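*Asks:* mind looking at a prediction? Sequence and model below.
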Amino acid sequence: MIWTWDVIRRIIEVLWVINIGLAIWTVFRSRRDIASTWAWLLVLSVFPVIGFIIYLFLGRQLSHDEIFAMKKAQQEVQERYLEKQRKRLEEHDLLPKADQEKRARMLTDLNLNNDKAILTLDNQVELFTDGNDLFDNIIANINQAKEFVDVEFYTFYSDELGHRVLSALEAAAKRGVKVRVLYDANGSHGTKARFFSNLRKLGGEAQPFISSSSKYKIRTPRLNYHLHRKLVIIDHTIGYIGGFNIGDQYVDKSPKFGHWRDTHMRVVGQAPIMMEFRFAMDWNTSCRKSHLPKYPLDNLEHIKLKRPSSKNDVAMQIVSSGPDSQDFAIRRGYEGIIATAKEYIYIQTPYLIPEPSILEALIIAAKSGVDVRIMVPCMPDHPFVYRATEYYAKYLTENGVKVYKYNNGFIHAKTVVSGSNISSVGSANQDYRSYSLNFEVNAFNYSPELTKKLKKIFEEDLKVSTLMTNEYFDKQSRWRKFKQYFSRLLSPIL
């Protein structure tokens, strides 16, 4: 064959058509939202071969078998306990009917009907915005544990803080406390299974989450579907939930990020039992791969409907979401808060890549006179993702939303505060990944006192933040604006 330019051109055209056909077949054989479908078609079409390699790691969805196994494990808990509790809730008037409480009642019903999230009332909450204070308290509570300690984190690094936490867990196991650790293998990059060897020798148990175990990852490489939850539950009554992970950077020991600003809650009351339900479901699902003993469901306590013992008690629902469900519980909870706001909405998030429903809800609220403020970091931890965040920050700014850059280090908090008694604190960011790709958990709270504290924290953070104006974005270079627009095209898969 004579390799003329005409022959080469025809071969390229044929390969291109084959690539397009394969791209369409690859993307459409899985159920996706429209935005993600077009984003992946763009990647696979524009980057032949390389695009398919990217898809192998980032685009492959959980199989129907895996989703079925996860749902089955969850239903095993929910059908045994939560349905009974839901009926009991429906028989009781748990929240006042005053006008100012109607919004809380609506959001409670939304989370109950969408996620079977039981409302607990008698919770005392302590807020942490500094990692050193948080982990000092967690370790102190682990040292006092008598029955069990459940630990579930996206990141459990084998660094100085990781060894501190592990030492406390090993000491607990040595004195007879049941210790279980569940972590995401990808999020805990560099942490080997042998890191937990001594804990296992002492009677504790540790395993990676089902979607990221090393054995599983080799057979079916996948970088999506992370266990992004951050939970610690101790003796049924103490629970920690929020945005901090276990690693030195979270306690201000990273030269890149400097001060790490996050938000976590210590909860004492009945909400930790609901966190325990969440942990049990995740643990038992992961046992399908590790073959470790399942969480004994008979040990889970029943919820007893208790009215608040003081005005400072916090009504709370533990809401979770993930790719194993199409209910999008946390995202819909966010939408409920935004759609019903009348005075203000304060949001802190490290990643601002909202899908259209959240984006439009924020703009509608702002144009309706609601004071909508969003705080994002001043620096990227993922440059490509940060350019998409800048794009949406610019778009929201043009439509009346106030977007701020936090300048005192890196802000990683995932909080929403609104009105007199509405707030959410947890692991879910304002991006597609948290809405649909990651396994997340948030506490939705109905408390004037807690809301007031979170609002004050936001206002204190404003003092070290800069408002991003139209003039700020206009001064950016054309190259930076191009990167923002290009990143936005791929935002559904970031």
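*Replies:* On my side now, so go ahead. Residues are numbered from 1 along each chain as shown.

*Asks:* residue 179 contacts residue 149, doesn't it?
*Replies:* Yes: A contact is recorded between residue 179 and residue 149 when judged using CB atoms under 8 Å, the distance being 5.0 Å. The C-beta positions use only the backbone N, C-alpha and C, and glycine is treated the same way.

*Asks:* overlap in contacts of those two?
*Replies:* Taking CB atoms under 8 Å, 6 or more residues apart in numbering as the contact definition, residue 179 and residue 149 share the neighbouring residues 169, 172.

*Asks:* host element of the residue nearest to residue 266 when sequence neighbours are not counted?
*Replies:* On the basis of CB to CB, 6 or more residues apart in numbering, the spatially nearest residue to residue 266 that is not a chain neighbour turns out to be residue 126, at 4.4 Å. Residue 126 is part of strand 119-128, with elements assigned from DSSP states H and E.

*Asks:* and for residue 232?
*Replies:* Using DSSP H and E, residue 232 sits in strand 231-234.

*Asks:* which other helices and strands does that strand contact?
*Replies:* Counting contacts by 3 or more CB pairs under 8 Å, 6 or more residues apart in numbering; DSSP states H and E, strand 231-234 packs against helix 131-144, strand 148-153, strand 238-242, helix 271-290.

*Asks:* how about CSV for the ones you listed, with distance to residue 110, mean neighbour count and mean pLDDT added?
*Replies:* Output for those, formatted as CSV (distance: least, CB to CB, whole Å; neighbours: other CB atoms under 10 Å; pLDDT from 0 to 100):
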stretch, distance to residue 110, mean neighbour count, mean pLDDT
helix 131-144, 30, 18, 98
strand 148-153, 25, 24, 98
strand 238-242, 19, 26, 98
helix 271-290, 16, 23, 89
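
*Asks:* will you turn those into a markdown table that also has distance to residue 323?
*Replies:* Formatted as a markdown table, the helices and strands packed on strand 231-234 follow (distance: least, CB to CB, whole Å):
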| stretch | distance to residue 323 |
| --- | --- |
| helix 131-144 | 28 |
| strand 148-153 | 17 |
| strand 238-242 | 20 |
| helix 271-290 | 12 |
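
*Asks:* of those, which approaches residue 457 most closely?
*Replies:* Distances from residue 457 to each of the helices and strands packed on strand 231-234 were compared using CB to CB; the minimum, 12.4 Å, belongs to strand 238-242.

*Asks:* what's that closest one packed up against?
*Replies:* The elements that strand 238-242 packs onto, with contact taken as 3+ CB pairs under 8 Å, 6+ apart, are helix 131-144, strand 231-234, strand 264-268, helix 271-290, strand 422-426, strand 440-446.

*Asks:* can you list these in a markdown table and add distance to residue 433?
*Replies:* Below are the helices and strands packed on strand 238-242 laid out as a markdown table (distance: least, CB to CB, whole Å):
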| stretch | distance to residue 433 |
| --- | --- |
| helix 131-144 | 23 |
| strand 231-234 | 19 |
| strand 264-268 | 20 |
| helix 271-290 | 18 |
| strand 422-426 | 14 |
| strand 440-446 | 9 |
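
*Asks:* relative to residue 207, which of the ones you listed is closest?
*Replies:* Closest to residue 207 of the helices and strands packed on strand 238-242, according to CB to CB: helix 271-290, at 4.3 Å.

*Asks:* quick one: the closest one to strand 119-128, angle?
*Replies:* Orientation note: helix 271-290 sits at an angle of 90 degrees relative to strand 119-128 (axes from the mean of the first three to the mean of the last three CA atoms, to 10 degrees).

*Asks:* only alpha carbons, please: show helix 271-290 as CSV.
*Replies:* Listed in CSV are the C-alpha atoms of helix 271-290, where the atom choice follows Å, rounded to 0.1, in the frame of the first residue of the first chain:
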residue,chain,number,x,y,z
ALA,A,271,-28.5,11.2,66.7
PRO,A,272,-25.3,9.1,67.2
ILE,A,273,-27.6,6.0,67.1
MET,A,274,-28.6,7.1,63.6
MET,A,275,-24.9,7.6,62.7
GLU,A,276,-24.5,4.0,64.0
PHE,A,277,-27.2,2.8,61.6
ARG,A,278,-25.3,4.5,58.8
PHE,A,279,-22.0,2.9,59.8
ALA,A,280,-23.6,-0.6,60.2
MET,A,281,-25.0,-0.4,56.6
ASP,A,282,-21.7,0.7,55.2
TRP,A,283,-19.8,-1.9,57.2
ASN,A,284,-22.0,-4.8,56.3
THR,A,285,-22.0,-3.9,52.6
SER,A,286,-18.2,-3.9,52.6
CYS,A,287,-18.1,-7.2,54.4
ARG,A,288,-19.3,-8.7,51.1
LYS,A,289,-15.7,-8.2,49.8
SER,A,290,-13.6,-8.5,52.9
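
*Asks:* and the next element down the chain from it?
*Replies:* From helix 271-290, the next helix or strand downstream (DSSP H and E) is strand 314-321.

*Asks:* need the contact partners of the following helix or strand past that following strand.
*Replies:* Proceeding C-terminally, strand 314-321 gives way to helix 329-340 as the next helix or strand, assigned by DSSP H and E. Taking CB under 8 Å, 6+ apart as the criterion, the residues outside helix 329-340 that touch it are 103, 106-107, 110-111, 114-115, 117, 319-321, 345, 355, 357-358, 361-362, 364-365, 416, 418, 422, 424, 426, 428, 430, 434-436, 440, 442, 444.

*Asks:* what is the subsequent helix or strand relative to helix 329-340?
*Replies:* Per DSSP H and E, the first helix or strand lying C-terminal to helix 329-340 is strand 344-348.

*Asks:* how distant is that next one from the center of its chain?
*Replies:* Using CA atoms, centre = their mean, to the nearest Å, the mean C-alpha position of strand 344-348 is found 17 Å from that of the whole chain.

*Asks:* over to stretch 174-192?
*Replies:* Centroid separation for stretch 174-192 versus its chain: 19 Å, with CA atoms, centre = their mean.

*Asks:* just stretch 132-144 next, same as before
*Replies:* 22 Å.

*Asks:* dump it to CSV, restricted to CA.
*Replies:* Extracted in CSV, the C-alpha atoms of stretch 132-144 (Å, rounded to 0.1, in the frame of the first residue of the first chain):
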residue,chain,number,x,y,z
ASN,A,132,-6.3,20.1,66.8
ASP,A,133,-9.2,20.7,69.2
LEU,A,134,-11.4,18.2,67.4
PHE,A,135,-8.9,15.3,67.4
ASP,A,136,-7.9,16.0,71.0
ASN,A,137,-11.6,15.5,71.9
ILE,A,138,-12.0,12.4,69.6
ILE,A,139,-9.0,10.7,71.1
ALA,A,140,-10.1,11.6,74.7
ASN,A,141,-13.5,10.1,74.0
ILE,A,142,-11.9,6.9,72.4
ASN,A,143,-9.8,6.6,75.6
GLN,A,144,-13.0,6.7,77.7
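
*Asks:* does residue 146 belong to a helix, a strand or coil?
*Replies:* Taken by DSSP: H, G, I helix; E, B strand; the rest coil, the conformation at residue 146 corresponds to coil.

*Asks:* what about whichever strand or helix holds residue 167, average pLDDT?
*Replies:* Element membership for residue 167 (DSSP H and E) is helix 160-174. When pLDDT is averaged along helix 160-174, the result is 98.
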